[in-house]
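Asker: Give me coordinates for this.
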Amino acid sequence: MNLHTQNHTTQIKLALVALTALLTLSSGFVYAKGTLVWMGCGISKKAYMGKMAKAYTEQTGIKFRMAGGGATKGIRLTKSGKADIGGSCRFALLQPDGRPEKNEDVRMIHVAWDALVVVVNKDNPVSNISSSQLEDIFQGNIVNWQEVGGPNRPIKLLVREGTISGVGRLFRQLVLKDQDFEYPVSAAFFASSGPLERNLEKRKSLSAGIAITGISSAKKTALKVLSIDGVAPSPDNIARGKYPLFRPLYLSVNYDADIESLKFLLFVLSDEGQQIIAEQGTVNKKQGKLLEQLWLNKNLPL
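Answerer: Residues are numbered from 1 along each chain as shown. Got it, this is the predicted structure:
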């Protein structure tokens, strides 16, 4: 963990401790804001935010306006003030000196664990793929399903646009070992994970397609999720670090976030909020405690 990340984590903890004290001393204070705007990672939205927002609204009366669109959108709209809270499946982009880029300098709050998974249409007979085969497929070295035990059909790549989306960034870092890797132009490109999943799920012409998404989202589709090196991305395998492609999920807020936004963060991090995450089949912070050091060993920020 670099010095900036350590300082950033300390600042977040101090801010939340201070907020807890403020709310304890001001239990009779009523904040006038009635709606929170959440935008960002569609995987986070599908994984836990729907249930989380419903539970929070039932307790507080605070309503939510939510929209997906990707981790980058969530971070940057939070920074600009167009969203109160952002959902992200990657950390803020860092400059060479370790500081966040100007338009991504927000507080990143780690709230849960997800995993990148390989998904195919349910009609595809392949159920397992090796790490090396996965790398070769997305680098264009393996181009036919027959090479990995499937039918004699060309492989069609479905990928996220750009190199900095939550899925795109982490897959490049964890699997391709090149965060700037460019996919072949023959791939089908999508602006966010939702449309990508829906196309692969429903279009028969893409029964030979392959894509990467988050397990927290994929499990709520009709897509087939492949094992990697014989290990399925079950919550237990993810939590114990047996499944290789685990990753953190975050909420982001501006440094001058209002009290209602911070109160919601505390709810998400509370025992009740973390239980909601677990009930949705996503690995919460306590369940994934072992993953923290494993993640930092990858020299990636948490």
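
Asker: for this protein, what are the low-confidence residue spans?
Answerer: Within the chain, the stretches with pLDDT under 70 are 1-33, 204.

Asker: now the residue most central in space within it: how far from residue 250?
Answerer: Among the residues of the chain, the one closest to the centroid is residue 89, at 2.6 Å (Cα atoms, centre = their mean). Applying Cβ to Cβ, to the nearest Å, the value for residue 89 to residue 250 is 7 Å. Backbone N, C-alpha and C define where each C-beta goes, glycine included.

Asker: my read: the residue nearest to the centre of the chain touches residue 114, true?
Answerer: Yes - using Cβ atoms under 8 Å, residue 89 is in contact with residue 114, at 6.0 Å.

Asker: need the helices for the stretch 151-300 of the chain, in chain order.
Answerer: Using DSSP state H, counting those that start in this stretch, the helices assigned to the stretch 151-300 of the chain run over residues 166-171, 193-202, 215-218, 235-239, 259-269, 271-279, 291-296.

Asker: Show me what the longest one is packed against.
Answerer: Pointing back at helix 259-269 there. In this structure, helix 259-269 packs against helix 3-25, strand 35-40, helix 50-60, strand 85-88, strand 107-120, strand 246-253, helix 271-279, with contacts taken as 3 or more Cβ pairs under 8 Å, 6 or more residues apart in numbering; DSSP states H and E.

Asker: Tabulate the CA atom coordinates of the fifth one in PDB.
Answerer: Extracted as PDB, the C-alpha positions of strand 107-120 are listed here (Å, rounded to 0.1, in the frame of the first residue of the first chain):
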ATOM      1  CA  ARG A 107     -13.400   9.400  -0.800                       C
ATOM      2  CA  MET A 108     -13.500   5.700  -1.800                       C
ATOM      3  CA  ILE A 109     -15.200   3.600   0.800                       C
ATOM      4  CA  HIS A 110     -14.600  -0.200   0.600                       C
ATOM      5  CA  VAL A 111     -17.900  -1.900   1.400                       C
ATOM      6  CA  ALA A 112     -17.800  -5.400  -0.100                       C
ATOM      7  CA  TRP A 113     -16.000  -8.000  -2.300                       C
ATOM      8  CA  ASP A 114     -16.900  -9.100  -5.800                       C
ATOM      9  CA  ALA A 115     -15.100 -11.300  -8.400                       C
ATOM     10  CA  LEU A 116     -14.500 -11.000 -12.100                       C
ATOM     11  CA  VAL A 117     -16.100 -14.000 -13.900                       C
ATOM     12  CA  VAL A 118     -16.100 -15.500 -17.300                       C
ATOM     13  CA  VAL A 119     -19.600 -15.700 -18.700                       C
ATOM     14  CA  VAL A 120     -21.000 -17.400 -21.800                       C
END
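
Asker: Next, count neighbours for the closest residue to residue 198 other than its chain neighbours.
Answerer: The shortest distance from residue 198 to any non-neighbouring residue, by Cβ to Cβ, 6 or more residues apart in numbering, is to residue 221 (8.0 Å). For residue 221, the tally of surrounding residues (other Cβ atoms under 10 Å) stands at 18.

Asker: go on, the one 3 residues further on?
Answerer: Number of residues near residue 224 (other Cβ under 10 Å) recorded here: 18.

Asker: list the contacts for residue 46?
Answerer: Contacts here follow Cβ atoms under 8 Å, 6 or more residues apart in numbering; on that basis residue 46 touches 194, 216, 217, 220.

Asker: I would like a ChimeraX command selecting only the buried ones among these, please.
Answerer: ChimeraX command restricting the contacts of residue 46 to the buried ones, with burial defined by 16 or more other Cβ atoms under 10 Å:
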select :194,216,217
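
Asker: farthest pair in the contacts of residue 46?
Answerer: 194 and 216 (12.8 Å; Cβ to Cβ).

Asker: Would you check how far apart residue 129 and residue 214 are?
Answerer: 17 Å.

Asker: These two - which one has more neighbours?
Answerer: Ranked by neighbour count (other Cβ under 10 Å), residue 129 and residue 214 place residue 214 first, with 29 against 22.

Asker: wait, the more buried one sits on residue 117?
Answerer: Yes - using Cβ under 8 Å, residue 214 makes contact with residue 117 at a distance of 7.0 Å.
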